[in-house]
Structures are given as structure tokens and as C-alpha cells.
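Trainee: Quick one, structure for this:
(one chain, ligands or ions: 1)
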Amino acid sequence: MKIKIINVVGARPNFMKIAPLMTEMATHPQFEVSLLHTGQHYDRSMSQFFFDDLGLPKPDIYLGVGSGRHGEQTGKIMVEFEKVMLDHKSDLVIVVGDVNSTIACGLVAVKLGVKLAHVEAGLRSFDRSMPEEINRILTDQISDFLFITEKSGEENLLREGIDPGKIFFVGNVMIDSLLNHLQRAQSSKILDELNLKPQQFVALTLHRPSNVDVRENFVEILKALDEIQKTITIVFPIHPRSQKRLQEFGLGAKLKEMTQLKIVDPLGYLDFIKLLSEAKLVLTDSGGIQEETTVLGIPCLTMRENTERPVTVTQGTNIIVGGKAEVIVAESKKILAGILKQGRRPDLWDGKAAERIVKILLKNF
Ligand code: UD1
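Mentor: Below is the predicted model of the structure:
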């Protein structure tokens with residue numbers, strides 16, 4: 001009897017987490033694996049480019065739910081995923097990360113009595129105004145296997161009453177992808193295409209609702225960017241959410257004045273890794289990028305008040321700077337002047353997390 005598994009993806013940060021699991025599982029004939037895409041992200045640049053770059057197979061099931069308010073999007077995924085589950089008779093559903101697709105599919109699985117594994121469990125920002133924090137807490141409460149990336153995850157889960165027998169410290173599947181693809185990413189031509197020289201630009205990502213959905217906060221960050229771009233080029237692959245807000249808030253003219261701020265479309269995986277690896281500094285409010293820069297040894301300033309990934313601060317190159325222009329500019333200037341925080345790679349971020357997860361699953365089924 002084969003172990004029937006559904007691997008779930010929905011949004012951009014999921015694809016690089018599921019890819020190494022798909023590859024590893026394919027080498028074990030005991031598994032019968034289906035890849036399910038909820039369609040939370042659907043633009044070519046937010047989805048298909050990643051399938052191509054990561055060598056992910058076409059999803060076996062595509063729910064096509066698209067965008068919507070949180071209740072609407074989560075609800076739609078649940079309705080559609082339940083239909084699939086009733087047809088499929090799976091033994092296990094695997095969800096990754098903290099997006100709406102993660103909690104929606106997790107909830108459907110457990111209500112149907114199907115085992116649930118959460119990859120990247122236990123991370124906590126302790127900020128419940130973040131939609132991802134709610135998704136993380138709830139998914140962890142209902143999971144049967146909790147695969148954690150860093151030791152802080154274990155403390156968090158134990159504090160929330162999770163049975164220690166369900167918690168497994170396996171490392172970081174997103175870093176599996178990074179290490180698997182780093183060499184290929186080096187041949188990306190993105191620097192030439194964007195007319196950039198290694199170490200002579202800042203890479204920026206910005207899309208957290210707390211930063212871009214509130215005009216005042218967005219304007220404050222733009223003030224910092226304006227100052228920084230006077231000394232070095234900033235490249236900003238822009239997320240659709242941020243693009244939309246810039247227009248809504250009428251901030252287009254302000255941006256035009258910043259002649260060294262280059263706004264570009266969202267990049268594919270390999271191009272983006274190349275961009276990160278050659279940057280002098282990375283400014284971000286993303287979760288995963290804090291981890292990627294830590295492994296690449298690139299300075300990272302996180303424009304948030306907190307991080308759910310504390311190991312990137314205690315051991316890595318990450319510094320939390322919040323959203324105030326003055327602090328962002330001061331910390332950026334230090335790095336541009338060569339005052340760097342030394343970091344090291346966290347334990348088990350060695351490219352073998354997927355292998356460990358698969359071993360644990362085989363032992364337990
Ligand atoms: C989602 C995740 C977030 C993750 C981010 C990475 C949740 C709660 N949030 O946020 O944790 O960091 O993905 O990208 O799941 N849109 C498009 N095309 C797309 C997808 C979205 O234009 O392919 C636009 C739509 O206007 C949509 C908005 O972006 O309303 C937000 O998309 P949504 O999936 O709700 O959340 P993200 O901000 O992308």
C-alpha cells in the first residue's frame with residue numbers, strides 16, 4: 001500500500017519550500033504524491049516563473065481561487081479543497097509556510113480525519129496583527145507533524161501546549177532550494193539586463209500590509225529610500241500589492257523624482273537569487289529573504305518591528321530596523337560604509353531538510 005500524499009502550494013513563498021520535498025519524495029516508491037496549487041497567486045511572475053526555475057512539475061490539481069479578502073480567499077480555498085479531498089482519500093496533507101492557503105488546506109484535511117504535516121512550523125513574531133501569525137498559530141495547533149527550522153520553534157510550540165513527540169527539528173527546506181539552485185542562479189543575466197554591477201546596488205522588497213497598506217507608513221519608508229538612492233542604486237522588484245497601493249495613494253510622482261530607484265517587475269527565482277547574492281545590502285520586509293541573506297552572508301535590514309525568524313538576527317546577518325526613515329537610513333549608511341555584522345549559517349541549514357522530513361514520514365507511516 002502506497003502512502004498517498006497531497007503537497008499544497010498557493011503563494012510565491014511556498015514554491016521553493018515544496019520543490020525539494022517533491023524531488024526527494026520522487027525517489028521513494030512508497031509514496032504516491034500529488035501537487036496541488038490553490039491559485040492564491042496566479043500572475044505568471046508570481047507563480048509560473050517559479051515552477052519553471054525550480055523544475056516543479058505542473059500541478060496535478062489547480063483550484064484557481066485567486067485574490068480576495070481574507071475570509072473570502074480562505075473560504076474559497078476550503079470549499080474547493082474539500083471537494084478534492086473527498087475524491088482523493090489521502091493519508092497525509094503537507095502544507096508549508098504561513099499563507100492563507102496553508103491554514104485553509106490544513107483545516108480541511110484535519111476535519112476529514114487526514115493527517116497534517118506543517119513544514120516551517122513554530123515561527124512566531126508575537127504580532128497578531130500580521131495575517132501570517134494567525135495562520136502559523138492555528139496551523140500548528142492542528143498539525144500532526146511539526147517540522148521546525150530553528151530551535152526557537154520548539155520553545156514556541158511547547159509553550160503553546162504542543163506534544164513534544166510531534167515536533168521535529170529538520171532544518172530549512174527553503175535553504176535546500178537555495179543551495180540546490182545557487183550555481184544555476186550564478187549564470188543569470190539579470191545584472192546585465194538591469195545594468196547593475198556586483199556590490200554596487202541595494203536590493204529591495206516591500207509588500208507587508210503593515211508597510212504598504214497604510215499611506216503614512218509607506219511614505220515614511222519612501223523617505224528613507226529617497227535618502228539612500230542619493231548614494232547608491234536601489235532595485236525594487238515590486239509585488240502587485242505594493243504596485244496597487246502606490247497608485248491608490250498617488251505616490252507615483254514622488255517615485256519619479258528618485259532617479260536611482262529602479263522599479264522592476266517581480267523576478268523569477270534564479271534571477272532573484274542572483275540579485276540577492278550580488279547586492280551590497282538587502283532591504284526587506286519579507287520573511288524568507290531574512291533567511292536567504294543569512295545563508296548568502298549578505299547584510300540584511302528588515303523593515304519591520306519584529307521577526308518570526310530570530311536565528312537570522314542572533315546568528316545571521318539580519319538586523320531589525322523597523323519602519324522609521326531615520327533608523328533605516330542610519331543603519332544602511334553603516335553597511336554602505338563597510339561596517340558589517342558577521343554572521344554564520346544556522347544549524348541544519350545544510351540542504352538536507354527535505355531528506356530528513358521524508359525519513360521521518362517513512363518511519364511514522
Ligand atoms: C501573500 C502572503 C504573504 C506572502 C506573500 C508573498 C497571505 C496572508 N499572505 O501575501 O505572507 O509574503 O503572499 O508574495 O497569504 N495579486 C496579484 N497577482 C497575484 C497575486 C496577488 O495581482 O498573482 C495582488 C492582488 O491584488 C491581491 C494582492 O496582490 O489582492 C494580495 O495578494 P494575496 O495573495 O492576498 O496576499 P499577498 O500580499 O500576496
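Trainee: For Val114, give me its contacts.
Mentor: Listed by CB atoms under 8 Å, 6 or more residues apart in numbering, the contact partners of Val114 are Met85, Ser90, Asp91, Leu92, Val93. Any C-beta I mention is one placed from the backbone N, CA and C, and that applies to glycine too.
Trainee: try 6 Å this time
Mentor: Applying CB atoms under 6 Å, 6 or more residues apart in numbering, one finds that Val114 lies in contact with Ser90, Val93.
Trainee: With Val264 instead?
Mentor: With CB under 6 Å, 6+ apart, Val264 has these contacts: Pro237.
Trainee: hey, what's it bridged with?
Mentor: Pro237 (DSSP bridges).
Trainee: State the distance from it to His239.
Mentor: 12 Å (CB to CB, to the nearest Å).
Trainee: Ser129 in helix, strand or coil?
Mentor: Three-state call for Ser129 (DSSP: H, G, I helix; E, B strand; the rest coil): coil.
Trainee: how close does it get to the ligand?
Mentor: Ser129 sits at a distance of 12 Å from the ligand (criterion: CB to the nearest ligand atom, to the nearest Å).
Trainee: Repeat that for Arg356.
Mentor: Remark: distance between Arg356 and the ligand (CB to the nearest ligand atom) = 25 Å.
Trainee: repeat for Ser187
Mentor: In terms of CB to the nearest ligand atom, Ser187 sits 25 Å off from the ligand.
Trainee: got it, and Arg245?
Mentor: 10 Å.
Trainee: Enumerate every residue touching the closest residue to that residue other than its chain neighbours.
Mentor: Spatially, and ignoring its direct neighbours in sequence, Arg245 is nearest to Val212 (4.7 Å; CB to CB, 6 or more residues apart in numbering). By CB under 6 Å, 6+ apart, the residues touching Val212 are Phe218, Ser242, Arg245.
Trainee: ranges for the helices of the stretch 101-250 of the chain?
Mentor: Using DSSP state H, counting those that start in this stretch, the helices assigned to the stretch 101-250 of the chain run over residues 131-142, 152-159, 173-186, 190-193, 209-212, 215-228, 240-248.
Trainee: distance between the lowest-mean-pLDDT helix or strand in the chain and the chain's centre?
Mentor: Ranked by mean pLDDT, DSSP states H and E, the helix or strand of the chain with the weakest confidence is helix 252-257, at a mean of 92. Averaging C-alpha positions (CA atoms, centre = their mean, to the nearest Å) puts helix 252-257 29 Å from its chain's average.
Trainee: what residues does that helix touch?
Mentor: Taking contacts as CB under 6 Å, 6+ apart, no residue outside helix 252-257 touches it.
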